[in-house]
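Q: using only what follows, build the 3D model:
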Amino acid sequence: MTAAREAASTLPVARVLPILPVAHLDREFDYLVPLELDEQAQPGVRVRIRFSGRLVDGFLLERIQTSEHPGKLGWLERVVSSEPVLTAEVATLVDAVAARYAGTRADVLRLAVPPRHARVEAEAAPEPAVATADPDVSAWSAYRYGDSFVSALVDGRSPRAVWQALPGEDWPTRIGELAAVVARRGRSTVIVVPDQKDLDRVASACAAVLGDDLVVPLAAGLGPAMRYRRWLAALRGTAKVVVGTRASVFAPVPDLGLIVVWDDGDDLHAEPRAPYPHAREVALLRAHGTGAAAVIGSHSRTVEAQALVESGWASDLVADRPVVRSRAPQVTALADSDHALARDPGARAARLPGIAFTAAREALAAGTGVLVQVPRRGYVPSLACGKCRAPARCRRCNGPLALPSAAGPDGAGTPSCRWCGVADATHRCNVCGSRQLRAVVVGAGRTAEELGRAFPGVPVRMSGGGDVLTDVKPGAALVVSTVGAEPVMQGGYGAALLLDGWALLGRADLRAEEETLRRWMTAGALVRPASSGGRVVVVADSGIPAVQALVRWDPVGAARIQLAQRAEVHFPPTVHMAAVDGTRAAIDAFLGAAVLPADAEKLGPVPLPAGERMPFGGEGPEPDEVERMLVRVPRESGAALSRALREAQSSRAARKESGPLRVQIDPLRIG
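A: Residues are numbered from 1 along each chain as shown. Take a look at the predicted model:
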């Protein structure tokens with residue numbers, strides 16, 4: 001006969017959130033705590049419970065004296081670990097993120113808490129390090145109100161700012177100085193960067209200011225053991241500064257004093273898994289909930305960051321115009337004067353006009369490097385018919401044809417499909433039947449080859465794809481880089497050539513102009529000031545607003561104009577917008593059951609944006625069957641819209657309706 005189980009004498013009921021994939025079960029369930037688990041079953045620990053006859057994982061949220069459940073309660077089966085991995089502050093943040101993005105807490109917890117590694121958890125925790133560094137923060141005086149911002153951190157207050165970093169600024173060190181100021185008061189800092197290249201730079205700069213023991217780099221690319229070890233260091237407070245990519249915004253540091261997001265316009269900050277949160281928005285929710293200081297920094301300015309400034313939520317941390325002009329390189333666009341057009345009448349059509357060659361030649365002659373930014377890697381990543389200009393498509397799968405590099409006199413291989421990889425040496429245009437092909441976009445490989453021939457004897461380095469360089473040695477060299485992979489050269493480049501601007505600006509994307517300006521400024525910020533001979537040549541028409549903003553080095557003005565334009569047409573961030581993706585039948589059934597706010601406006605259905613043709617995977621519908629419906633509401637109704645869509649997803653899951661469906665709140669690309 002099995003002995004009767006005895007419940008804990010104090011707070012015998014545990015509130016548990018099971019990690020289940022269905023939306024209608026996103027709620028707490030009450031379980032009895034056995035006496036033998038009383039000491040281990042503390043809020044925040046991982047547990048195992050029996051749910052619908054099977055064992056599932058969950059998190060213990062709290063212990064209470066009595067349950068409101070009228071029936072018989074089940075028992076906690078096991079405490080997986082006595083480590084309280086879900087802190088109260090992170091649990092509150094998880095609730096806020098799930099509510100903001102119409103998702104489930106289980107999905108957010110998968111992003112916030114990494115899988116357990118038992119051996120690492122059993123290791124003895126080192127003693128918490130103490131911050132003793134007294135950082136030199138004088139460089140912040142170059143920014144208007146910079147001294148006041150640092151003084152507020154020193155005093156333990158919680159300032160919030162959108163920081164416009166100067167061109168040529170050692171921004172990793174500036175961030176490290178702020179983290180050191182916060183650490184001196186015994187508080188923690190979380191720094192979120194887009195990619196591994198930026199993570200390495202910021203972690204090194206912070207370690208140089210504070211010491212290695214106080215800094216923890218955190219990234220998904222680490223092995224399970226190392227990642228969990230560093231995550232535990234943040235949880236246990238043995239380190240005061242966490243530097244990582246988007247998931248590190250949930251880092252469970254004790255007593256958060258400052259949260260920093262660098263380059264918030266990079267789409268790597270957007271989580272591709274449900275509920276698709278953006279690191280910037282999660283950071284703002286966390287700063288608001290904890291009262292921590294917040295900094296959104298970049299060389300450029302997103303419309304969302306400008307909205308924070310204009311709403312009064314954040315201050316504008318920028319330098320005065322004379323300081324900007326003294327730090328910025330000279331920027332030249334195509335045919336920006338009648339005299340330039342007369343000297344080089346083919347500049348508008350040439351990929352490398354005369355002004356670009358002149359700038360490169362002068363920089364190399366002066367012994368400085370030249371950065372060449374191209375939109376794509378590869379040789380010729382996109383082909384079109386040479387006669388009718390129709391995109392060249394694979395006869396097997398209708399994918400786009402590209403021209404890879406190969407050994408030979410011209411360096412070109414056989415046209416091949418970028419989807420199925422099948423070569424097509426005898427391609428005919430399916431529109432006009434022509435055999436001629438032309439390049440639509442020339443990649444980094446072909447660009448490096450062309451420049452190597454134009455400047456014989458000059459070393460050529462490439463950065464992009466699977467071989468991203470963090471830095472290059474100073475000296476006369478050509479550095480060909482795809483966007484986002486630009487390496488740093490100590491002392492700055494002598495010149496930067498920004499090629500194929502039309503390929504960036506011509507995308508059918510609401511953010512095309514903002515994104516192009518961000519990429520240009522990121523590259524231009526690596527160039528020496530104009531007083532030291534630094535030049536940036538952008539191969540784009542000088543009349544384009546983004547080019548004008550680059551020439552003036554005025555990202556704030558560009559963001560202000562774009563925000564006003566968004567407000568005029570009622571697009572985010574001046575409104576909240578939800579994107580519902582799926583088949584027409586699934587969308588109609590879902591929105592028909594949702595109790596939307598009275599001021600909600602439906603737009604569509606519309607085709608999915610480029611790059612999102614098959615968002616569901618597996619046995620999902622054909623790409624042509626998937627559509628997108630947009631639901632737009634004023635900002636004050638954003639919470640009501642998220643709540644309505646969240647409840648509709650719960651009802652849909654409870655009814656076990658078939659058909660794939662995806663809901664995104666304020667997606668980066670809306671059509």
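
Q: show me where the stretch 501-650 of the chain has helices.
A: 501-505, 512-524, 545-552, 555-569, 584-593, 638-654 (DSSP state H, counting those that start in this stretch).

Q: doesn't residue 97 make contact with residue 277?
A: Yes - using C-beta atoms under 8 Å, residue 277 makes contact with residue 97 at a distance of 5.3 Å. The C-beta positions use only the backbone N, C-alpha and C, and glycine is treated the same way.

Q: need the residues touching each of the two.
A: 103, 108 (C-beta atoms under 8 Å, 6 or more residues apart in numbering).

Q: which ones are touching residue 39?
A: So residue 39 contacts residue 82 (C-beta under 8 Å, 6+ apart).

Q: please report phi then psi for it.
A: With angles defined as degrees, to the nearest 10, residue 39 sits at phi -70, psi -40.

Q: where does it land on pLDDT?
A: You'll see residue 39 listed with a pLDDT of 95.

Q: ok, so what distance separates it from residue 596?
A: 48 Å (C-beta to C-beta, to the nearest Å).

Q: over to residue 523?
A: Where residue 596 is concerned, residue 523 sits at a distance of 43 Å (C-beta to C-beta).

Q: give me the more crowded residue out of the two.
A: For residue 523 versus residue 596, neighbours defined as other C-beta atoms under 10 Å are more numerous around residue 523 (23 against 18).

Q: surely the more buried one and residue 486 touch.
A: Yes - with contact taken as C-beta under 8 Å, residue 523 and residue 486 are classed as touching, separated by 5.2 Å.

Q: the longest strand seen in the chain pairs with which strands, and in what direction?
A: Using DSSP state E to assign secondary structure, the strand with the most residues in the chain is strand 54-64. Strand 54-64 has its sheet partners listed here by DSSP bridges as strand 13-18 (antiparallel), strand 46-51 (antiparallel).

Q: tell me which of those strands sits most buried.
A: strand 13-18 (a mean of 23; mean count of other C-beta atoms under 10 Å).

Q: for it, what is the average pLDDT?
A: What strand 13-18 shows for mean pLDDT is 97.

Q: where does the stretch 301-450 of the chain dip in pLDDT?
A: Residues of the stretch 301-450 of the chain meeting the criterion pLDDT under 70: 335-351, 376-382, 389, 397, 405-413, 418-420, 438-450.

Q: rerun that using 80 as the cut-off
A: Along the stretch 301-450 of the chain, segments meeting pLDDT under 80 span 334-353, 375-384, 386-391, 396-400, 402-413, 417-422, 438-450.

Q: what segments of it are helices?
A: Using DSSP H, counting those that start in this stretch, helices in the stretch 301-450 of the chain cover 303-311, 321-327, 338-343, 354-365, 444-454.

Q: sorry, back to before: touching both of residue 523 and residue 486, which residues are there?
A: Taking C-beta under 8 Å, 6+ apart as the contact rule, residue 523 and residue 486 both touch 371, 373.

Q: what is the burial count for the spatially closest residue to residue 96 that is not a sequence neighbour?
A: The shortest distance from residue 96 to any non-neighbouring residue, by C-beta to C-beta, 6 or more residues apart in numbering, is to residue 285 (4.8 Å). Residue 285 has 19 neighbours, counted by other C-beta under 10 Å.

Q: grab the nearest non-local neighbour of residue 470.
A: Leaving aside its sequence neighbours, residue 470 sits nearest to residue 197 (C-beta to C-beta, 6+ apart; 5.4 Å).

Q: pull stretch 134-143 out as CSV, backbone CA atoms only.
A: Output of stretch 134-143 as CSV, limited to C-alpha atoms (Å, rounded to 0.1, in the frame of the first residue of the first chain):
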residue,chain,number,x,y,z
ASP,A,134,37.2,55.4,-11.9
PRO,A,135,36.5,56.0,-15.6
ASP,A,136,37.4,59.1,-17.5
VAL,A,137,34.1,60.4,-18.8
SER,A,138,35.4,63.6,-20.3
ALA,A,139,34.7,62.5,-23.8
TRP,A,140,31.0,62.8,-23.1
SER,A,141,31.4,66.6,-22.9
ALA,A,142,31.5,66.6,-26.7
TYR,A,143,27.7,66.0,-26.6
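
Q: and the contacts of that stretch?
A: 146-147, 149-150, 163-164, 166, 170, 173-174, 176-178, 180-181, 184, 209, 317-319, 323.

Q: mind giving me the PyMOL select for those, buried ones only?
A: The PyMOL command for the buried members of the contacts of stretch 134-143 (criterion: 16 or more other C-beta atoms under 10 Å) is given here:
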select buried, resi 146+149+150+163+164+166+173+174+176+177+178+180+181+184+209+317+318+319
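
Q: report the contact partners of the one residue sitting closest to the centre of the chain.
A: The centre of the chain sits closest to residue 269, judged by C-alpha atoms, centre = their mean, with a distance of 1.4 Å. Contact analysis of residue 269 by C-beta under 8 Å, 6+ apart lists 192, 194, 246, 261, 263, 278-280.

Q: go again with 6 Å.
A: 194, 246, 278-279 (C-beta atoms under 6 Å, 6 or more residues apart in numbering).

Q: before we move on, what about residue 295?
A: The contact partners of residue 295, by C-beta under 6 Å, 6+ apart, come to 161, 163, 260.

Q: same question, residue 562
A: By C-beta under 6 Å, 6+ apart, the neighbours of residue 562 are residue 303.

Q: now do it, the pLDDT please.
A: So, for residue 562, pLDDT stands at 96.

Q: which SS class is the residue nearest to residue 96?
A: helix (DSSP: H, G, I helix; E, B strand; the rest coil).

Q: if I look at it, how far off is residue 512?
A: 28 Å.

Q: please apply the same query to residue 594.
A: Per C-beta to C-beta, residue 594 is found 31 Å from residue 512.

Q: what about these two, which has more around it?
A: Neighbour count, other C-beta under 10 Å: between residue 594 and residue 512, residue 594 has more, with 21 against 14.

Q: got the contact list for the residue lying closest to that one once chain neighbours are set aside?
A: Of all residues not flanking residue 594 in the chain, residue 648 sits nearest, at 3.7 Å (C-beta to C-beta, 6+ apart). Going by C-beta under 6 Å, 6+ apart, residue 648 touches 590, 593-594.

Q: alright, calling it a day.
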